[in-house]
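K.L.:
Structure for the following, please:
(chains A and B)
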Amino acid sequence: MTRDGNSAEVSVRLTEDAGTVHVAGALTIRSVTHLHNHLSKLDAEKVHHLDLSEVTRLDTAGAWALLEFRRRSTQTITVTGASSEAESLLRTVENVLPQPEEPPQRDTSFKAWLDRFGRRVFSGLMFLRALTAYLGIFLHRLARAMRHPSEFKFTSLVHHCEEVGFKAVPIVALMAFLIGVVLAFQGSTQLRQFGAEVFVVDLIAISVLRELGILLTAIIVAGRTASAFTAAIGSMKMREEIDAMRTLGLDPGMNLFVPRILALLIMLPILGLIANAAGLFGGALMAWIDLGISPAMFTTRLVEGTSVNHVFVGLVKAPVFAMIIGVVGCHAGMQVESNAESLGRMTSNAVVTAIFAVIVADAVFSIFFARIGI
Amino acid sequence: MTEREVVIRLRGIRNEFGRQVVHEDLDLDVYRGEIIGVVGGSGTGKSVLLRTIAGLQKPTAGSVDVLGTDVLNADEDTRQKLENRWGVMFQDGALFSSLTVRENVEVPMRAIPGLDPQIRSDLADLKISMVGLQYLAGDKYPSELSGGMRKRAGLARALALDPDIVFLDEPTAGLDPIGAAAFDELIRDLSHSLGLTVFLVTHDLDTLHATCDRIAVLAERKVLVTGSMADMLKVEHPWVHEYFHGPRARAAVPDKTTKGD
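P.N.:
Predicted coordinates:
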């Protein structure tokens, strides 16, 4: 009764005479391929008896192969010489032989394709509707918090401001600084060809203040914070904490969404300002080193040549980006089901959706500002 | 009673986590073909004991002998062979979430050299059917199954290679009474028809009563007593007495005199 993988284990001997098939050897999962191949060569109709008296071992795999063979024949094949254990095993396996069922067919016609396409579009629209609903919930609860300040969780707001804003300062500042450096470097090599090096200041100022400062900050925050919101709310949802809050009369909107989204609303413009400053600093440093534009000259050129409008155009986008990131993060967290896979899936969904939505919103802003001529 | 083959032999097991000693000088024998149920209060290390035997937890002292192999000092090859001869069902099935149920059951079979993929898939279907799941459940992912179905699928995977021993961790926890009773019956049936030795850890008195040939009580860091349900009812130890004579026990064990197996 050993189970070594030796050759005796993987081969079975079959001999046939006058309608009786004699099987010998160990019929186990190791030899089942061999056994099955042998049996499939035989004509089941001509076999009337299976003699198992020389079988040393039988497991469910072996039993399955014998029964599959027996099932192929229209006549009854009797099993002889089986030990009592083998017989009971054969009976057990016979009782549970799976009856294959056809899986529901996937319809491939054009109509079905159109149907699936329609459903996708519809679910996309429903997703937008759900996001709008969450925005509505947030605004409603915010208004309520203003009328009933006692319901508002101030401590929680401060905590999230720290998490979302304060702790993001180093990464945001470093990123903006490097962008400033890159812009100055790239700009100077191009503008030098025209002898217009001094315009590198305008280039840096306009691109950082108007677009890159706030956009890249929003993207970093979307990556950091949307995922954190989804993970935190999602794991609460998974452990039924959200349901517990509801039964205790605590509103998730007021307790979870308002502090988080409000913290983003407050902190994102501040982070944007920091990014602007760091970007300009990086640009000025590079301009000084590479082009010899002194900091004083940079400042003069910056103040004279760049309208303050650019700063406003940049920063006015911040609250919109903050809302997008916050609402997407909270909504995704609430979609988490009771398993861990959905938590992971929703977290990455939240990040992708938030970054995508931020970029789309930025494009819409660009068109809008171009139209009204700011 | 005839001399029975011992398939699991534990001697002098000691398990400790930091300062907390869970097991000390623990001995236990499990015989071939029996269903043994391990009970004990929370924190007495029932699951730790199961993990120790299955080689997932290395005890600080003692020896674990399974099917004649010294688990703790065996080399890779011997261990590998031994692992093919036992199956473990974890509490929530522990199915691989990225694989369908059928693929999950096929995982252990992939270790068999020369096994035809079509036959492997058919055998997986057989195991799935054997644990009472529907044919189409094989195509589903674990997240699409209910808790009871996940446990059954976990059992199907544990049975994939026709093991000699199966370890079941809390097989009926989280199941409704009907599902739990069906699972008890399934364990009993499979153990009989496949000649399995079953080592199960449970809290469920109904399971103990319905399936187990022998019960081992973990208390005071060791196996305090072993014996049949009838033996347990006679034990004087306060915890054991409370456990088997408490209000819930009375419901599970109808009357001492009516049943004695």
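
K.L.:
For A:Ile324, give me its contacts.
P.N.:
A:Ile324 makes contacts with A:Ala354, A:Ala357, A:Val358, A:Ala361, as judged by CB atoms under 8 Å, 6 or more residues apart in numbering or on different chains. In this view, the C-beta of every residue, glycine as well, is placed from N, C-alpha and C.

K.L.:
make it 10 Å
P.N.:
By CB atoms under 10 Å, 6 or more residues apart in numbering or on different chains, A:Ile324 lies in contact with A:131, A:135, A:218, A:222, A:226, A:264, A:353-358, A:360-361.

K.L.:
mind checking which helix or strand it is in?
P.N.:
Under the criterion of DSSP states H and E, A:Ile324 resides in helix A:317-334.

K.L.:
Pull out the buried residues from that helix.
P.N.:
A:317-318, A:320-334 (16 or more other CB atoms under 10 Å in any protein chain shown).

K.L.:
Tell me how many other residues surround the closest residue to A:Pro319 other than its chain neighbours.
P.N.:
Leaving aside its sequence neighbours, A:Pro319 sits nearest to A:Leu265 (CB to CB, 6 or more residues apart in numbering or on different chains; 5.6 Å). Counted with other CB atoms under 10 Å in any protein chain shown, the neighbours of A:Leu265 add up to 20.

K.L.:
Confirm that A:Leu265 sits in a strand.
P.N.:
No. Judged by DSSP: H, G, I helix; E, B strand; the rest coil, A:Leu265 forms no part of a strand; its state is helix.

K.L.:
Distance from the helix holding A:Ile324 to the middle of the chain?
P.N.:
Between the centre of helix A:317-334 and the centre of its chain there are 17 Å (CA atoms, centre = their mean, to the nearest Å).

K.L.:
again with stretch A:96-108
P.N.:
31 Å.

K.L.:
what does stretch A:289-297 give?
P.N.:
The answer for stretch A:289-297 is 46 Å, by CA atoms, centre = their mean.

K.L.:
Endpoints of it, how far apart?
P.N.:
13 Å (CA to CA, to the nearest Å).

K.L.:
which parts of it are buried?
P.N.:
Using 16+ other CB under 10 Å as the test for burial, stretch A:289-297 gives A:Asp290, A:Leu291, A:Ile293, A:Met297.

K.L.:
from those residues, which is closest to chain B?
P.N.:
Nearest to chain B among these: A:Asp290, at 51.0 Å, using CB to the nearest CB.

K.L.:
Which secondary structure element is home to the closest one?
P.N.:
helix A:258-291.

K.L.:
For that helix, list every residue counted as buried.
P.N.:
A:258-287, A:290-291.

K.L.:
So for it, mean pLDDT?
P.N.:
For helix A:258-291, mean pLDDT is 93.

K.L.:
just stretch A:311-320 next, same as before
P.N.:
92.

K.L.:
sorry, back to before: which is the succeeding secondary structure element to the helix holding A:Ile324?
P.N.:
helix A:340-372.

K.L.:
Can you spell out which helices and strands pack onto that next one?
P.N.:
Applying 3 or more CB pairs under 10 Å, 6 or more residues apart in numbering or on different chains; DSSP states H and E, one finds that helix A:340-372 contacts helix A:110-147, helix A:213-221, helix A:227-238, helix A:309-315, helix A:317-334.

K.L.:
Now with 8 Å, please.
P.N.:
Here helix A:340-372 touches helix A:213-221, helix A:227-238, helix A:317-334, going by 3 or more CB pairs under 8 Å, 6 or more residues apart in numbering or on different chains; DSSP states H and E.

K.L.:
Give me the angle between that helix and helix A:110-147.
P.N.:
Here helix A:340-372 runs at an angle of 80 degrees relative to helix A:110-147 (axes from the mean of the first three to the mean of the last three CA atoms, to 10 degrees).

K.L.:
returning to what we had before: of the contacts of A:Ile324, which is the nearest to A:His36?
P.N.:
When the contacts of A:Ile324 are compared for distance to A:His36 (CB to CB), A:Thr353 wins out at 50.6 Å.

K.L.:
So that closest one is in contact with A:Val328, correct?
P.N.:
Yes. Checked against CB atoms under 8 Å, the pair A:Thr353 and A:Val328 is within contact range at 5.0 Å.

K.L.:
what's the overlap in contacts for these two?
P.N.:
A:Ala226.

K.L.:
Nearest to chain B: which residue in the stretch 151-300 of chain A?
P.N.:
For the stretch 151-300 of chain A, CB to the nearest CB, closest residue to chain B: A:Met238, 12.5 Å.

K.L.:
The stretch 251-374 of chain A against chain B: which residues are in contact?
P.N.:
Counting by CB under 8 Å from any CB of the partner chain, the stretch 251-374 of chain A comes close to chain B at A:Asn339, A:Ala340, A:Glu341, A:Ser342.

K.L.:
Fine by me, thanks again.
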